[in-house]
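> Structure for the following, please:
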Amino acid sequence: MVFGGFVMSHFFENILKPTFIENWPNSLKKLSIPGVSIPLSMKQAKALGSNIAEFGEDFGEKQDISWLETELDDIIKTFPNGAFVRLGSRSPKDSYIGYKKGFKVTSGKEAIEVLTDWSERIYDDLQMAIAHNYNPYIWVREWIDIPKWTEFRCFMKQRKLIGISQYQYFDIYPEIKDEKESIEWAIKIFFSSFFVQACHLDDVVFDVFIKKIPTSEKSTNIWEVKLLEINPFCVLTDPCMFEWKRENNDLTINTKDGFFRIREK
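All right, here's what the predicted structure looks like:
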């Protein structure tokens, strides 16, 4: 049991924690979406957890978190087009109310609802933080409309870009097929010119989204690439259209069927 506890502690400290937004270097944050953080004490983390629908009792008696709603309100007002709320570790993308109504929030009340409505991801991450005596952060990020086809998952191993996959890999998007070479080129330039120097980790899975910016010349477009989040380079991270494999006892991805993978059929 002691060995198991040591392994979990090592995994949290050395693999998971460095990927949380609050632990990014400023150089990496500048490549991503503008946001404001709210650090939580252990007591506040438990209070938030106690409000999670269905799972809250594991944090003790339900507690008042009106203070958090007020603080979120003040921050969200600084984002005129709305905001996206998440923990530094993960987002509540499994929130039922977020799934039904959307994840764009315009008030502290809406933000609390998204964070606490049946989200096992928020529950798990708060429990994990408390178990490791780690003060979690809530992040309020500027809302940006991101079409599903524009998201890509990228794999960096030993500071080399070894693979790119469309993120929504169950669906076919003609936009990706039509611009495949340009998208690959834009992500490679983003990686070599910005990401690899800014990132504090040697091995990481990072997610980006792209935006085509028209120019005065009809035949030319500029592709803007933005960082969404980073994830541990481990089997717990979805490899999308790749597969995890062991090579000389070292974890990597199987790239025999191509470096840039998209769904075409």
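> ok, and the closest non-adjacent residue to the most centrally placed residue in the chain?
The centre of the chain sits closest to E229, judged by CA atoms, centre = their mean, with a distance of 3.8 Å. Excluding its sequence neighbours, the residue lying closest to E229 (CB to CB, 6 or more residues apart in numbering) is D207, at 5.3 Å. Yep, even glycine has a C-beta here, placed from its N, CA and C like the rest.
> Please list the outside residues in contact with stretch 122-137.
9, 12-13, 16-17, 20-22, 37-42, 45-46, 48-49, 52, 55, 58-59, 87-90, 92, 95, 115-116 (CB atoms under 8 Å, 6 or more residues apart in numbering).
> Now do the contacts for the residue nearest to the centre of the chain.
Per CB under 8 Å, 6+ apart, neighbours of E229: 19, 21, 32, 206-207.
> what about the residue nearest to E229, which SS state?
Secondary structure for D207, judged by DSSP: H, G, I helix; E, B strand; the rest coil, is strand.
> Specify the beta-bridge partners of it.
R153, E229 (DSSP bridges).
> Let me see the domain layout of this structure.
34-142, 148-261 (automatic domain parsing).
> List the residue ranges of the protein that fall below the pLDDT cut-off.
Scanning the chain for pLDDT under 70 picks out 1-7, 216-220.
> which residue ranges form the helices in it?
2-11, 26-29, 42-49, 66-76, 96-101, 108-116, 120-131, 174-178, 180-190, 196-198 (DSSP state H).
> Can you tell me what sits against the last one?
What that stands for is helix 196-198. Contacts of helix 196-198 (CB under 8 Å, 6+ apart): 25, 27-28, 30-31, 156, 159, 161.
> Next, the buried residues of that helix.
A198 (16 or more other CB atoms under 10 Å).
> Closest one of the contacts of helix 196-198 to T237?
Closest approach to T237 among the contacts of helix 196-198 (CB to CB): M156, at 12.1 Å.
> Give me the neighbour count for the closest one.
M156 is flanked by 21 other residues according to other CB atoms under 10 Å.
> Can you give me the distance of it to R246?
The spacing between M156 and R246, counted by CB to CB, to the nearest Å, is 18 Å.
> again, but for D74
Counting by CB to CB, the gap from D74 to R246 is 49 Å.
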